[in-house]
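Q: quick one, what's the 3D model for this:
(chains A, B, C and D)
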2 protein chains.
Amino acid sequence: MTGNSRFAVSVHILAYLAFRQGSAVPSAEIASSVDTNPVVIRRLLSALVKTRLVNAQKGATGGFSLAVPASDITLLHIYRAVEPQPAHGMNRFAPNHKCPVGAKIESILHGVFVKAQAGMEHELSQVTLAQVHEQLHSVCPGKKK
Amino acid sequence: MTGNSRFAVSVHILAYLAFRQGSAVPSAEIASSVDTNPVVIRRLLSALVKTRLVNAQKGATGGFSLAVPASDITLLHIYRAVEPQPAHGMNRFAPNHKCPVGAKIESILHGVFVKAQAGMEHELSQVTLAQVHEQLHSVCPGKKK
DNA sequence: CAATTAGTAACATTGTCGGTTACATAAACC
DNA sequence: GGTTTATGTAACCGACAATGTTACTAATTG
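A: Below is the predicted model:
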C-alpha cells in the first residue's frame, strides 16, 4: 500500500492494547510481540497519542492504553494517524510542461490518485479494531481439545 | 500509492502514445515529455509490451505504438502490468509468533490489505486510457481567443 | 533517592528507485 | 554492404526512505 510497514505495525500495536485491555502496557512488551526495537514502537505510538486514540503514562507502572473503545476505532483512523501525506505515487514525477501531454497529465493523474485512495480508504473505514480483536480470539489453532 | 512513480510514468507514456496515434514513437521522444532518461522509459515499456498493450519495433523509423484501442485499456491494466506484486505494506513485518497476538495478526492484516487493494483497483478499473486522452484535449488553458 | 518508563534526537544500516553508461541486436535506407 | 537509428538489457551509482540502535532527558512510582 505504502511500501513501509507503519500501518501494519500500528494495527498490531493497537490490537495488542485491546488484547491487554485496561492495563498500561510498556513499549518493551509490545516490541517483543512485534519483534522490533521499543523505540520503533514508541515512535508510532507518539502519533497515535497525538490523535487521542491512545493514552500514555510515564514512570514506573506506566505504559500505553487505549483511550477510546476498540469498537470506535476504525482502521482508517489508524491509517490517517500514522501514515504521512499520501504523496500519491507522484513523488519524483515532474514531466516536461513544454509538451502538451506533460503539461496536463499531472492534474489528470492527481484526480486518478484521489479516487483510488478514496476507494482504499473506504474499505479501511469498514473495519474496526474491535473486529480485529474478535478475530484474534476466534479459531485458536491447536487450542481446542 | 506505492511510493515509486512507475504507474504515473506509465500512464503518461500511454497517454503520449494515444496522443501520437498510429505513428511509431521512439523512447527518446517520450523521455523528453516525461523529462527523464530513455532507458527508464524503455524499462517500463518492456513490461507493457510483455502484456501486449504496446507494440515495439526496432530499427530506424521504429518505436512504440498502442497495440490495443485506448478505449480498451483501463488504468488497472496499466497498474497490473507495471507494478510488481503489491507486497501489501507488510514487507518488513515479521511479528513474534510465540505471542498470541503476533501469531494471528499477520493473516488478519493480509485480509485487510486484500480488501483495501481491491477497493483501490476497482477505481482504477473505472478509468480508461481513452478518457485520459480526452481530458488531455479538453480545456487547453491559454489556447482560447 | 532508585527504578522504571515515555519522549526524542542522532546516527548507522539497509534496500529501493531512478538515472546513467555501455553494448548487443535488429531494421530501414542509401 | 555499410551507416544510421532504434529497441533490449545488464551493470553500476547516488539519493533517499525506512528501520534499527544508542543515548540521553523528563516524569512518575514507591
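
Q: which bits of chain A sit near DNA strand D?
A: With C-beta under 7 Å from any atom of the strand as the criterion, chain A meets DNA strand D at residues A:2-6, A:9, A:36-37, A:39-40, A:57-62, A:84. To be clear about C-beta, it is placed using only N, CA and C from the backbone, and glycine gets the same treatment.

Q: please list which of those residues are also close to chain B.
A: Counting by C-beta under 8 Å from any C-beta of the partner chain, the subset of these that neighbours chain B consists of A:Thr2, A:Gly3, A:Asn4, A:Ser5, A:Val9.

Q: contacting residues for A:Val25?
A: A:Tyr16, A:Leu17, A:Gly63, A:Phe64, A:Ser65 (C-beta atoms under 8 Å, 6 or more residues apart in numbering or on different chains).

Q: my error: substitute A:Asn55 in the last question.
A: A:Asn55 makes contacts with A:Val49, A:Phe64, A:Ser65, A:Leu66, A:Ala67, as judged by C-beta under 8 Å, 6+ apart.

Q: which of these sits closest to A:Leu75?
A: For the contacts of A:Asn55, the minimum distance to A:Leu75 (C-beta to C-beta) is 14.5 Å, reached by A:Leu66.

Q: helices of chain A, start to end?
A: A:6-19, A:27-34, A:38-50, A:75-82, A:100-125, A:129-137 (DSSP state H).

Q: any idea how far the residue nearest in space to the middle of chain A is from B:His88?
A: In chain A, the C-alpha nearest the mean C-alpha coordinate belongs to A:Phe7, at 3.2 Å (C-alpha atoms, centre = their mean). Noted for A:Phe7: a distance of 10 Å to B:His88, by C-beta to C-beta, to the nearest Å.

Q: could you do A:Asn96 as well?
A: Distance from A:Asn96 to B:His88, by C-beta to C-beta: 34 Å.

Q: taking chain A, what residue is nearest to DNA strand D?
A: When scored by C-beta to the nearest atom of the strand, chain A has A:Gly59 as its residue closest to DNA strand D, at 2.6 Å.

Q: which one of A:Asn96 and B:His88 has more residues nearby?
A: B:His88 (18 against 14; other C-beta atoms under 10 Å in any protein chain shown).

Q: and which of the contacts of A:Asn55 is nearest B:Ala118?
A: Distances from B:Ala118 to these, taken by C-beta to C-beta, are shortest for A:Leu66, at 28.7 Å.

Q: what's the residue lying farthest from the centre of chain A sitting at in phi/psi?
A: What lies farthest from the middle of chain A is A:Lys98; by C-alpha atoms, centre = their mean that is 40.1 Å. Backbone torsions of A:Lys98, given as degrees, to the nearest 10, read phi -80, psi -20.
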